[in-house]
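Chemist: I'd like to go over a predicted model; first the sequence, then the structure.
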Amino acid sequence: MILIYSEKESPRLDYIVHELLERRLGLTAQICYNRADFETQHLPKINYSSIPVQGALQIYPQGLLHDTSIQKQDIEVRKHPYWNYYFFEQQSEHIPFDILSASFWILSRYEEYTAEETDEHGRFSHEHALAYKNGFLRIPLVDRWAKSLGSMLKKQFPKLVIAEPSFNFISTVDIDFAYRYKGIGLTKQVGKLIKSFIQGRFSDIISQLQTLIGTRPDPYDTYELINKLVNDNRLPLMYFFLMRTGTAYDKNIHPYGPEMRTIAKCLSKEFACGIHPSYYSAELDTLLHEEKQLLEQYTGKKTIQSRQHFLRLNLPQTYEQLSEAGIMEDYSMGFPNHCGFRASTAYTFSFFNLHSNRQLPLILHPVTVMDTALRYGMKLTPVQAMHEIETYMNEIEKTGGVFIPIWHNSNLSAAEGWESWREVFNKMHTLASIKTK
């Protein structure tokens with residue numbers, strides 16, 4: 001048990017105490033608002049006020065946690081030998097900044113509420129993130145802060161039991177294109193053949209025709225390979241289904257066709273399956289409900305996990321929409337064009353809605369790397385990509401959390417120049433298996 005003193009109640013303080021002290025350090029925390037009671041307790045104590053209390057670790061409040069508004073913050077990031085990077089500087093003999101407010105600012109994604117620029121898909125870009133601009137996107141800074149705080153508490157209160165960090169891994173695969181040729185309809189089949197002929201890609205014509213007559217598997221039918229790899233390494237796997245076609249950004253096979261029904265039913269028997277809300281579902285709520293309902297019909301199970309197509313994530317609207325649709329876990333917290341820790345954490349965390357100033361019952365699973373971000377966004381070779389992946393895994397191993405990559409079944413085929421990336425996928429799972437033992 002650890003006791004925290006605060007002069008005022010605040011849902012923001014409740015939230016970050018749970019995230020930092022309970023979820024990451026494994027402590028049981030209680031907030032006290034009576035100074036006299038706090039002073040008489042003989043428990044490990046944190047004094048979150050500007051007035052010193054004998055025997056308590058003091059953190060000076062910056063003010064953010066006792067505020068209810070959303071205002072653009074003037075943030076100056078400083079480097080520190082113990083805390084790595086910090087902001088919200090406060091004069092203290094213990095901690096040089098308000099670690100609770102700084103952690104809340106990051107985990108709540110405060111900067112995304114006040115961002116003025118978005119990319120062509122209406123997304124918050126990594127280029128505008130404080131972590132990217134100040135050089136700490138590649139480290140889980142909040143988790144490092146928590147670990148350092150835990151060490152400081154342990155030194156002052158030796159009997160305090162701090163949880164040891166553990167490495168976990170969840171393999172996730174997005175099905176944007178269930179198949180390359182199967183289930184796409186006669187019009188698209190003819191269109192593909194004509195396009196391949198005009199461009200002189202005769203090997204594609206042969207591949208398409210052989211797939212259609214059943215003498216070779218569809219190029220994007222990599223499910224058996226994926227399933228065997230994760231099962232051999234005893235790792236969890238999740239699939240996310242895009243249940244829409246016919247737009248410039250939604251090009252899956254027909255969601256009502258037998259091919260989609262069969263693959264969804266088959267994969268859901270062994271693995272968790274979530275919805276991959278289509279591109280325009282952000283503008284039209286009914287699309288999300290239709291797609292979710294269709295996936296539930298195919299799998300015979302309630303769909304509670306999701307990941308936004310194109311990682312189109314707008315706060316708080318996207319998470320409000322998902323919560324209203326019955327989604328309980330989201331796997332979209334990552335950047336589409338750059339790898340790293342978007343929320344400076346590898347731990348799952350709860351969503352705090354700054355507009356309503358309350359925590360929603362929605363769990364966020366941060367993703368760290370994505371195949372297309374590695375290849376196209378960061379322009380890495382497969383060797384460089386594997387080095388990048390290993391760097392992130394090593395970081396998470398030190399501070400704890402879950403390494404969650406995004407891959408696509410279509411990008412494990414030999415099509416479109418992805419041949420050598422299958423080795424990256426294989427090595428990533430082998431390394432994860434070693435680290436989780």
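Modeler: Sure thing, it's come through.
Chemist: can you pull the contacts of the nearest residue to residue 68 once chain neighbours are set aside?
Modeler: Computed as CB to CB, 6 or more residues apart in numbering, the closest residue to residue 68 that is not its neighbour in sequence is residue 357, at 5.2 Å. The C-beta positions use only the backbone N, C-alpha and C, and glycine is treated the same way. Applying CB atoms under 8 Å, 6 or more residues apart in numbering, we find residue 357 in contact with 11-12, 68.
Chemist: could you rerun that using 10 Å?
Modeler: Residue 357 makes contacts with 10-12, 15, 67-70, as judged by CB atoms under 10 Å, 6 or more residues apart in numbering.
Chemist: residue 302 versus that one, what's the distance?
Modeler: Separation of residue 357 from residue 302 (CB to CB, to the nearest Å): 30 Å.
Chemist: now residue 366. Nearest residue, chain neighbours left out?
Modeler: The spatial neighbour of residue 366 that comes closest, neighbours along the chain excluded (CB to CB, 6+ apart), is residue 333 at 4.4 Å.
Chemist: neighbours of the one you found, just the number please.
Modeler: 24 (other CB atoms under 10 Å).
Chemist: nearest spatial neighbour of residue 169, chain-adjacent residues omitted?
Modeler: Excluding the flanking residues, the one nearest residue 169 by CB to CB, 6+ apart is residue 432, at 4.0 Å.
Chemist: ok, now which ones touch the one you found?
Modeler: 167-171, 230, 233-235, 389, 393, 403, 405.
Chemist: what two of the residues you listed are the furthest from one another?
Modeler: Farthest pair in the contacts of residue 432 (CB to CB) is 234 and 389. Separation: 19.0 Å.
Chemist: strand partners (parallel or antiparallel) of the longest strand along the chain?
Modeler: Counting by DSSP state E, the longest strand found in the chain is strand 358-366. The pairing partners recorded for strand 358-366 under DSSP bridges are strand 329-333 (parallel), strand 349-353 (antiparallel).
Chemist: okay, now the domains of this protein?
Modeler: With domains defined by automatic domain parsing, the chain comprises 2-156, 167-180+218-436.
Chemist: any regions of the protein where pLDDT drops low?
Modeler: Counting by pLDDT under 70, the chain has low-confidence residues at 186, 190, 193, 202, 206.
Chemist: quick one on the thing from earlier: next secondary structure after the longest strand of the chain?
Modeler: For strand 358-366, the following helix or strand on the C-terminal side (DSSP states H and E) is strand 369-370.
Chemist: show residues contacting that next one.
Modeler: With CB under 10 Å, 6+ apart, strand 369-370 has contacts from 172, 174, 311, 334-340, 376-378, 385, 388-389, 391-393, 403-408, 411, 424, 428.
Chemist: in its sheet, what does that strand sit against?
Modeler: In the sheet, strand 369-370 lines up with strand 405-408 (parallel) (DSSP bridges).
Chemist: how far is the partner strand from where the chain is centred?
Modeler: Relative to its chain's centre, strand 405-408 lies at 12 Å (CA atoms, centre = their mean, to the nearest Å).
Chemist: repeat that for stretch 295-308.
Modeler: With CA atoms, centre = their mean as the basis, stretch 295-308 stands 19 Å off its chain's centre.
Chemist: would you mind measuring the gap between the ends of that stretch?
Modeler: 15 Å (CA to CA, to the nearest Å).
Chemist: same check, this time on stretch 178-195
Modeler: Start-to-end span of stretch 178-195 (CA to CA) is 20 Å.
Chemist: how about the helices of the stretch 51-200 of the chain, start to end?
Modeler: Counting by DSSP state H, counting those that start in this stretch, one finds helices in the stretch 51-200 of the chain at the ranges 99-107, 110-114, 130-133, 141-156, 186-198.
Chemist: out of those helices, which is the most enclosed?
Modeler: helix 99-107 (a mean of 25; mean count of other CB atoms under 10 Å).
Chemist: and that helix, what does it pack against?
Modeler: helix 11-17, strand 45-48, strand 84-86, helix 110-114, helix 130-133, helix 141-156, strand 349-353 (3 or more CB pairs under 10 Å, 6 or more residues apart in numbering; DSSP states H and E).
Chemist: could you export these as JSON lines, including distance to residue 329?
Modeler: JSON lines is the format used below for the helices and strands packed on helix 99-107 (distance: least, CB to CB, whole Å):
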{"stretch": "helix 11-17", "distance to residue 329": "18"}
{"stretch": "strand 45-48", "distance to residue 329": "30"}
{"stretch": "strand 84-86", "distance to residue 329": "29"}
{"stretch": "helix 110-114", "distance to residue 329": "19"}
{"stretch": "helix 130-133", "distance to residue 329": "23"}
{"stretch": "helix 141-156", "distance to residue 329": "19"}
{"stretch": "strand 349-353", "distance to residue 329": "10"}
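Chemist: of all the ones you listed, which lies closest to residue 322?
Modeler: If you check each of those against residue 322 by CB to CB, strand 349-353 wins as the nearest, at 9.1 Å.
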